[in-house]
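>>> how does the following fold in three dimensions:
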Amino acid sequence: MQKPLIVLVGPTASGKTELALELIKKFPLEIISADSRQIYRFMDIGTGKPLRKKEHRLIDVADPDEAFTAADFVRLAENAAGAIYREGKIPFVVGGSGLYIKVFIDGLCEAPPADEVIRKKLLARAESAGIRALHEELAKVDPEAAEKISPNDSRRTVRALEVFELTRKPISYFQKKTKKPQYRVLMLGIRFPAAELYERINRRCGEMLKSGLVEEVRGLAARGYDGKLKAMDGLGYKEALGFINGKYTFDEMTRLFKMNTRRYAKRQMTWFRKDRRINWIDASGRGTDTVVTELSYLIEDFLKGSTGK
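Next up, the predicted model:
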């Protein structure tokens with residue numbers, strides 16, 4: 001029997017956390033954070049961690065210098081979901097990390113982990129010959145994957161070729177073997193018109209800087225966490241490191257932080273729009289109470305068993 005699972009997605013600065021905290025007051029839900037940066041300890045301001053961390057699982061579960069993969073997220077999320085079910089509640093996955101959410105609800109591909117040597121070689125070839133040349137190569141060894149991957153998608157093209165070089169089997173072979181978790185899922189999404197979202201992002205970035213983001217990054221650097229780490233390459237952190245190291249002025253750092261965050265939000269929405277299961281709520285010009293009410297109707301119907309795409 002499939003167990004119910006509710007997911008709330010949306011781009012950065014769309015207000016997911018505030019909405020989630022209101023919804024857990026109305027329903028027997030417990031939040032599982034699906035944020036690829038909030039997993040790291042000591043990184044609070046730049047990741048936008050909620051002040052009420054105790055109401056979110058999977059926050060502060062790794063140090064910034066620890067390797068953390070989608071497979072790690074699935075393992076921890078499945079453990080968290082199991083504990084939540086045992087408490088008589090329903091897991092409420094909230095976040096903007098599309099990959100983490102997808103592998104959790106749809107299953108994780110059993111392809112081998114990344115190989116840094118092969119990946120660097122493929123990236124160098126993509127740089128010299130162009131990503132389309134690599135995509136043409138992929139079409140010869142794995143036409144099924146190539147048909148699904150855009151010729152401009154360097155990340156997925158490189159990954160597919162990496163898997164083939166490691167195993168001599170196409171990534172589509174492993175994808176077909178993926179075991180899907182047995183959840184009955186309701187997917188909810190929050191969206192804004194681009195102009196309004198970008199205003200929210202600019203405001204949020206400014207608030208993070210006023211709240212001490214640069215000082216937080218100085219503290220991380222003092223602990224030995226430098227820009228070579230994946231965690232420190234996140235939005236706000238890489239720009240703040242550039243300012244601290246004299247690469248940017250404060251104004252240039254601020255401009256880049258806002259611009260890069262806007263671009264990230266655009267990529268998030270591109271990812272989420274591909275998932276037709278998401279029930280989108282337009283939050284433009286609407287207060288939190290109104291949006292919560294609309295989300296509540298969908299959740300009530302889902303829990304009654306009448307919906308859930």
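>>> what stretches of this structure score poorly on pLDDT?
306-309 (pLDDT under 70).
>>> centre-most residue in it?
Against the mean C-alpha coordinate of the chain, by Cα atoms, centre = their mean, the closest residue is residue 97 at 0.9 Å.
>>> secondary structure class for the residue nearest to it when sequence neighbours are not counted?
The shortest distance from residue 97 to any non-neighbouring residue, by Cβ to Cβ, 6 or more residues apart in numbering, is to residue 36 (4.2 Å). Backbone N, C-alpha and C define where each C-beta goes, glycine included. Following DSSP: H, G, I helix; E, B strand; the rest coil, the label given to residue 36 is coil.
>>> count of neighbours near residue 173?
Using other Cβ atoms under 10 Å, residue 173 is surrounded by 17 other residues.
>>> with residue 211 instead?
Neighbours around residue 211, by other Cβ under 10 Å: 13.
>>> just say helix, strand or coil for the residue nearest to it when sequence neighbours are not counted.
Nearest residue to residue 211 in three dimensions, chain neighbours excluded: residue 45, at 5.2 Å (Cβ to Cβ, 6+ apart). Of the three states, residue 45 takes coil according to three-state DSSP.
>>> and the helices in the protein, which stretches?
Per DSSP state H, the chain carries helices over the ranges 16-26, 70-86, 98-106, 116-129, 131-141, 143-148, 154-167, 171-176, 194-210, 213-222, 237-244, 250-273, 288-303.
>>> hey, C-alpha coordinates of the fourth one in CSV?
Only the C-alpha atoms of helix 116-129 are listed here, as CSV (Å, rounded to 0.1, in the frame of the first residue of the first chain):
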residue,chain,number,x,y,z
GLU,A,116,36.9,12.7,-11.2
VAL,A,117,39.6,11.7,-13.7
ILE,A,118,37.1,10.7,-16.4
ARG,A,119,34.9,13.7,-15.7
LYS,A,120,37.8,16.2,-16.0
LYS,A,121,38.8,14.6,-19.2
LEU,A,122,35.3,14.9,-20.6
LEU,A,123,34.9,18.5,-19.5
ALA,A,124,38.2,19.4,-21.1
ARG,A,125,37.0,17.9,-24.4
ALA,A,126,33.7,19.7,-24.0
GLU,A,127,35.7,22.9,-23.6
SER,A,128,37.9,22.3,-26.7
ALA,A,129,35.5,20.6,-29.1
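>>> for it, which positions count as buried?
The neighbour-count check on helix 116-129 (16 or more other Cβ atoms under 10 Å) flags 118, 122-123, 125-126 as buried.
>>> returning to what we had before: the residue nearest to residue 211 is in contact with residue 208, isn't it?
Yes. With contacts counted by Cβ atoms under 8 Å, residue 45 reaches residue 208, the gap being 5.4 Å.
>>> mutual contacts of those two, please.
residue 236 (Cβ atoms under 8 Å, 6 or more residues apart in numbering).
>>> how far away is the residue nearest to residue 97 from residue 268?
With the distance defined as Cβ to Cβ, to the nearest Å, residue 36 ends up 11 Å from residue 268.
>>> check residue 242 too.
Taken as Cβ to Cβ, the span from residue 242 to residue 268 is 23 Å.
>>> ok, now residue 258?
16 Å.
>>> more neighbours, the two?
residue 258 (21 against 18).
>>> so the more buried one touches residue 199, yeah?
No. In this structure, residue 258 is not within contact of residue 199 by Cβ under 8 Å, at 10.4 Å.
>>> excluding sequence neighbours, find me the nearest residue to residue 144.
Closest residue to residue 144 apart from its sequence neighbours, by Cβ to Cβ, 6+ apart: residue 172 at 4.2 Å.
>>> which residues sit in contact with that neighbour?
Taking Cβ under 8 Å, 6+ apart, one finds 142, 144-145 in contact with residue 172.
>>> ranking those by neighbours, who comes first?
Within the contacts of residue 172, most neighbours by other Cβ under 10 Å means residue 145, with 23 neighbours.
>>> residue contacts, that residue?
Counting by Cβ under 8 Å, 6+ apart, residue 145 makes contact with 138, 160, 170-172, 175.
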